[in-house]
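Undergrad: have a look at this prediction, sequence included:
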Amino acid sequence: MIRIIVAVCFLALPLLSRAQSVFPVRDDGEARNRTYHVVHYKIEVSFDEKKKSVIGKTQVTLVPFLSEFKNIELDAEQLDIHSVTLGLGKPARYEVEPKMLVVHLDKPYSYGDTITVAVEYSCTPKKGLYFTQPDSGYPDKHWQIWSQGEDMDNHFWFPCYDYPNDKATSELIATVRKNYTVLSNGELVSVKENKKDSTKTFFWRENKPHSSYLITIAAGDYAILHDKAGKLPLQYYVFRDDTVDARMCFRQTPDMVKFFNEKIGYSYPWEKYAQVLITDFIEGGMENTSATSLLDWATVYDARQRLDNTPTGLIAHELAHQWWGDVVTCKDWRHLWLNESFASYFDPLYHEYWLGEDEFQMMMLNDQLAGVHVDTAVGRKPIVSVGSYGTNVYPRGAAVPSSIISQSINSPRSRQTI
Ligand SMILES: [Zn+2]
């Protein structure tokens, strides 16, 4: 994930205040002890866009870690639970707690068992899943539905084990209005048109295990630009009125994939690499497995803007996370600095390969100065501790000094990012 801290100095204040309101520092970064391992998620969703609500059915297949496994504790918050069934449809008793759905099993299960629980629900998520829509102030805004799971927000739109220390395969089956295209993790299995209600159903499947915070959906009226890095399919989900500039801004993606494959020594493992533009995205970018979300205005620049700006830092950072974060994942959020540090280092490494050592040195110096400034302005905290991970990785409230900004402006990567 990357958070745009400062674009240019006159933009700094509104950006910082927005980030502060959306991302309070959380004290619950430590993962709870697992009593089960999720093998697979099957998430079926449709939407009421006017009400900004979700109608969902999520099936969780899991294996117990206890010899007397009697209850399944799923993270679920502000979901209106309609029914819970086990196996082939046997109704189960359940309790809805403030942050959890507790399902009482029909008998004690053990290590050798595989259990499937299905939850039908609806919700109007306050976080985790968002609806972007035009309004009187912005009548031309694109309609979109999109998610942002990191760090622990996906359980606001589907029940799951919402910590990074468990990995499962996943399916996402989303029904949307027929002019929408849906992007999710892994491979697109099918698209079905439902003529009766003018909708389409997209069926995506991630065949390799990944953490639940990386499960994503992005839906909108997109044009899809196709590209390739060797045999790896690349897709850029862009707005129809912006395809020429978007292709220019994404054009180094194949080169980045090839560079990271060689530098890391482990080839990109997922089924495809897609990047999707999101309006009003709450981050700069998010490395959802094989389907990165990117803030539209921080990614696509027109010809004049491209004289001064490039999105290569953002694109390289999120792509690097496909290895550092998605393949190798921090155990819990106290260790988020590992995800972010690897991605923030491989971005300058790509720029060194592209522009030379001076660029690498400048980027590392900027990051160093920003780190020193955070230590001074926000206060010294241990890197690994519950309650400090947000402050250390994303220094909310810390305006980067003008000296750093002026150095950044002299660099091809003029957008100061952390
Ligand atoms: Zn990141």
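TA: Happy to help now that I have it.
Undergrad: CA only for contacts and neighbour counts going forward, please
TA: Fine.
Undergrad: for the closest residue to the ion within the stretch 101-250 of the chain, the count of nearby residues, please.
TA: Among all residues of the stretch 101-250 of the chain, Glu150 sits closest to the ion, at 10.4 Å; criterion: Cα to the ion. By other Cα atoms under 10 Å, the residues close to Glu150 number 20.
Undergrad: ok, Phe203 next?
TA: Counted with other Cα under 10 Å, residues neighbouring Phe203 total 21.
Undergrad: what bridges to it?
TA: Here Phe203 sits in beta bridges with Ile173, Ser190, going by DSSP bridges.
Undergrad: surely it meets Gly186?
TA: No - taking contact to mean Cα atoms under 8 Å, the distance of 10.2 Å between Phe203 and Gly186 leaves them out of contact.
Undergrad: quick check: neighbours shared by these two?
TA: For the pair Phe203 and Gly186, no residue contacts each of them under the criterion Cα atoms under 8 Å, 6 or more residues apart in numbering.
Undergrad: next up, the contacts around the residue nearest to Phe260 when sequence neighbours are not counted.
TA: Of all residues not flanking Phe260 in the chain, Ala320 sits nearest, at 7.2 Å (Cα to Cα, 6 or more residues apart in numbering). Going by Cα under 8 Å, 6+ apart, Ala320 touches Phe260, Phe342, Ala343, Phe346, Asp347.
Undergrad: ok, Pro348 next?
TA: Pro348 neighbours (Cα under 8 Å, 6+ apart): Gly313, Glu359, Phe360, Met363, Met364.
Undergrad: how about Thr289?
TA: Asn185, Gly186, His210, Leu214, Ile215, Thr216, Trp270, Gln322, Asp326.
Undergrad: and the pLDDT for it?
TA: In the predicted model, Thr289 carries a pLDDT score of 98.
Undergrad: which SS state does it fall under?
TA: coil (DSSP: H, G, I helix; E, B strand; the rest coil).
Undergrad: that one and the ion: what is the separation?
TA: As judged by Cα to the ion, to the nearest Å, Thr289 and the ion stand 13 Å apart.
Undergrad: neighbour-wise, which one of the contacts of Pro348 leads?
TA: For the contacts of Pro348, neighbours were counted using other Cα under 10 Å, and Met363 has the most, 27 neighbours in all.
Undergrad: shouldn't it be within a helix?
TA: Yes - with the criterion set as three-state DSSP, the secondary structure at Met363 is a helix.
Undergrad: now it: closest residue in space that isn't a chain neighbour?
TA: Taking Cα to Cα, 6+ apart as the measure, Met363 lies nearest to Pro348, with 6.2 Å between them; neighbours along the chain are not counted.
Undergrad: assign that neighbour to helix, strand or coil.
TA: helix.
Undergrad: measure it to Asp308 for me?
TA: Pro348 sits at a distance of 18 Å from Asp308 (criterion: Cα to Cα, to the nearest Å).
Undergrad: ok, Thr114 next?
TA: With the distance defined as Cα to Cα, Thr114 ends up 56 Å from Asp308.
Undergrad: so the residue nearest to Phe260 is in which element?
TA: Mapping Ala320 onto the secondary structure by DSSP states H and E places it in helix 312-321.
Undergrad: does that helix come close to the ion?
TA: No - with Cα under 5 Å from the ion as the criterion, the ion is not reached by helix 312-321; the gap is at least 6.1 Å.
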